[in-house]
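**Q** Below are the sequence and a predicted model for it; my questions follow.
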Number of protein chains: 2
Amino acid sequence: MPKEARPGSGEQAKQYALERLRKAILRGEMAPAQRLVENELAESYGVTRASMRAALLDLTSEGLVERIRNRGSRVRVVTVEEAVEITECRLALEGLCAAKAATAATDAQLDELTGLGKAMSKAVADGDPVTYSELNQDLHGLIRDASGQHTAVGLLERLNAQLVRHRFQLALRPGRPQQSLSEHLALIEAIRARDPQAAETAVRAHLSSVIDALRAD
Amino acid sequence: MPKEARPGSGEQAKQYALERLRKAILRGEMAPAQRLVENELAESYGVTRASMRAALLDLTSEGLVERIRNRGSRVRVVTVEEAVEITECRLALEGLCAAKAATAATDAQLDELTGLGKAMSKAVADGDPVTYSELNQDLHGLIRDASGQHTAVGLLERLNAQLVRHRFQLALRPGRPQQSLSEHLALIEAIRARDPQAAETAVRAHLSSVIDALRAD
DNA sequence: GGCAACAGAATTGTCAACGATTCTGTTCTC
DNA sequence: GAGAACAGAATCGTTGACAATTCTGTTGCC
């Protein structure tokens, strides 16, 4: 059997619907505040309404979907104020991860970091904000993995999912990648030097500047 | 109709079952790793299995319950290592909240803080660890409220829920309340002085000492 | 013409029964 | 006597239908 076949019903139908819908939201295919009708989604994904419902409940607890009793589900809209709050939490948690990563990272991970830094520099030099934004994600992800902080990583993934729209807007702002790059390079250096204190400081500086940029919306 | 009546069925049965079970777990009425059978719980709370099931799913995403496909649900056991990780996240997030609270707290909230500090001193002097532990919770809660950080507060509440058992053990350890008290008083002073930096440092010092105590298990 | 009450449609919430999976204790074979 | 295969029980997963709620467009009244 094909391993990515559509589970018409039964099996892990919920899981399938969950990932499809999550991706759709993260890709911005769903307009903000768009109504999510259980029946429609269930039909379009080829699962039963119960599976779809379960998926929506999951996404609600992930903070991607908002649901009102007897009124249905909507794509959650994150205001700028919320985005700032979320980023402040990221600042605290990623600071922790960066500090841990500075001591816990393997040599192979340090090499990966170095490579990412070069790729990011190149993306900025080439004026390619989309690639840069992706590498940016990879960098933060790598640091999280290297930290070994399972709990913090889980929280951060949830927080990040809620920021897609804002992140996208931010990346396309002129001049933003340049500033972001130098902050990231400083962070990479701190981790490579295995200096937890400096790594945490660098993360905080970086995310503070993100917050400023968000507020300038 | 009585406002806390048992919704024999219908109504918001899931909500009812959810809160009952959550309280039971938080109070430690459920043994660690105890099996949670949907039918049994549903009957004992007077709701249908579907409602109970939904409640269990919610608790799973809150991290209080662990569930294995086709094998059922258990009260999640938090190992010492996890407790340490969770507390490290608390350290980061409560540090943020304390700093914000130092600038955002109202005068009334500062008075409340002062009162709590006195009550805590008294509880320690009286050798009453249970009361002290409750006041401790109140203090952290008050600081969270005063911070106005909606996102961080939500994350912290989830993290804290997972620590009940460890928190309980910690509070009964001889000598622990004394050390904890002085750290808390320093924190209160920092917030009353409206010094964000000092407040964050005080929180970090306090939770670091909690981590040390946890590790000494 | 504007506003409130009302019926119909759309949508979600709940339920009870059926089907699938996993565990457990027993039996059969070597 | 030990291990594997097997049947039975327990439990969870899924489905389809029904009930409750909310929204919407219309009608009647002032």
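**A** Cool, got the structure. Residues are numbered from 1 along each chain as shown, chains lettered A, B, ... in the order given.
**Q** Packing partners of the helix ranked longest in chain A?
**A** As assigned by DSSP state H, the longest helix anywhere in chain A is helix A:80-104. With contacts taken as 3 or more Cβ pairs under 8 Å, 6 or more residues apart in numbering or on different chains; DSSP states H and E, helix A:80-104 sits against helix A:129-147, helix A:150-161, helix A:176-192, helix A:196-215, helix B:80-104, helix B:150-161. To be clear about C-beta, it is placed using only N, CA and C from the backbone, and glycine gets the same treatment.
**Q** ok, then the element right after the fifth one?
**A** By that I understand helix B:80-104. helix B:107-125 (DSSP states H and E).
**Q** Flag every buried residue along that following helix.
**A** B:Gln109, B:Leu110, B:Glu112, B:Leu113, B:Leu116, B:Gly117, B:Ala119, B:Met120, B:Ser121, B:Ala123, B:Val124 (16 or more other Cβ atoms under 10 Å in any protein chain shown).
**Q** Go through the longest helix of chain A and flag the buried ones.
**A** A:82-102.
**Q** Also stretch A:26-34?
**A** A:Met30.
**Q** Can you give the contact residues for it?
**A** A:Ala24, A:Leu36, A:Leu64, A:Arg74, A:Val75, A:Val77, A:Ala161, A:Val164, A:Arg165, A:Phe168 (Cβ atoms under 8 Å, 6 or more residues apart in numbering or on different chains).
**Q** Just the C-alphas of that stretch, formatted as CSV.
**A** Taking C-alpha atoms only, stretch A:26-34 is exported to CSV below (Å, rounded to 0.1, in the frame of the first residue of the first chain):
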residue,chain,number,x,y,z
LEU,A,26,0.4,27.8,7.9
ARG,A,27,0.8,28.4,4.1
GLY,A,28,-1.7,31.2,4.4
GLU,A,29,-4.2,29.5,2.1
MET,A,30,-6.9,30.3,4.6
ALA,A,31,-7.9,33.9,4.9
PRO,A,32,-7.6,35.3,8.4
ALA,A,33,-10.9,34.8,10.3
GLN,A,34,-12.2,32.5,7.6
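**Q** so how far is that stretch from its chain's centroid?
**A** Its chain's C-alpha centre and that of stretch A:26-34 lie 15 Å apart, by Cα atoms, centre = their mean, to the nearest Å.
**Q** Report the mean per-residue pLDDT for it.
**A** Predicted confidence along stretch A:26-34 averages 86 (mean pLDDT).
**Q** The most centrally placed residue in chain A - nearest residue in space that isn't next to it in sequence?
**A** Residue closest to the average C-alpha location in chain A (Cα atoms, centre = their mean): A:Asn160, at 3.3 Å. With sequence-adjacent residues excluded and distances taken as Cβ to Cβ, 6 or more residues apart in numbering or on different chains, A:Asn160 is closest to A:Arg90, at 7.3 Å.
**Q** Kindly state the domain boundaries assigned to chain A.
**A** If you go by automatic domain parsing, the domain ranges for chain A are A:13-75, A:80-215.
**Q** Out of these, indicate the one that is most buried.
**A** With neighbours taken as mean count of other Cβ atoms under 10 Å in any protein chain shown, those reach their highest mean count in domain A:80-215, at a mean of 18.
**Q** And the pLDDT at A:Glu11?
**A** pLDDT, read off for A:Glu11, is 52.
**Q** swap in the one 5 residues further on?
**A** You'll see A:Tyr16 listed with a pLDDT of 86.
**Q** Hmm, it is touching A:Thr48, no?
**A** No - look at A:Tyr16 against A:Thr48 with Cβ atoms under 8 Å: they stay out of range, at 11.4 Å.
**Q** low-scoring stretches of chain A, by residue?
**A** A:1-12 (pLDDT under 70).
**Q** thinking again about what came up before, and of the contacts of stretch A:26-34, the nearest to DNA strand D?
**A** Distance to DNA strand D, by Cβ to the nearest atom of the strand, is smallest for A:Arg74 among these, at 11.6 Å.
**Q** Which other helices and strands does the host helix or strand of the closest one contact?
**A** Per DSSP H and E: A:Arg74 is located in strand A:72-75. If contacts are counted by 3+ Cβ pairs under 8 Å, 6+ apart, strand A:72-75 sits against strand A:35-36, strand A:65-68.
**Q** Direction included, what does the shortest one pair against?
**A** So that's strand A:35-36. strand A:72-75 (antiparallel) (DSSP bridges).
**Q** just the CA coordinates of the partner strand, formatted as PDB?
**A** Coordinates of the C-alpha atoms in strand A:72-75 are reproduced here as PDB (Å, rounded to 0.1, in the frame of the first residue of the first chain):
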ATOM      1  CA  GLY A  72     -18.100  27.000  14.700                       C
ATOM      2  CA  SER A  73     -14.400  27.500  14.000                       C
ATOM      3  CA  ARG A  74     -12.400  30.300  12.400                       C
ATOM      4  CA  VAL A  75      -8.800  30.800  11.600                       C
END
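**Q** Which neighbouring elements make contact with the helix or strand containing A:Leu56?
**A** Taking DSSP H and E as the criterion, A:Leu56 maps to helix A:49-62. Identification of packing neighbours for helix A:49-62 by 3+ Cβ pairs under 8 Å, 6+ apart yields helix A:13-26, helix A:38-45, strand A:65-68, helix B:49-62.
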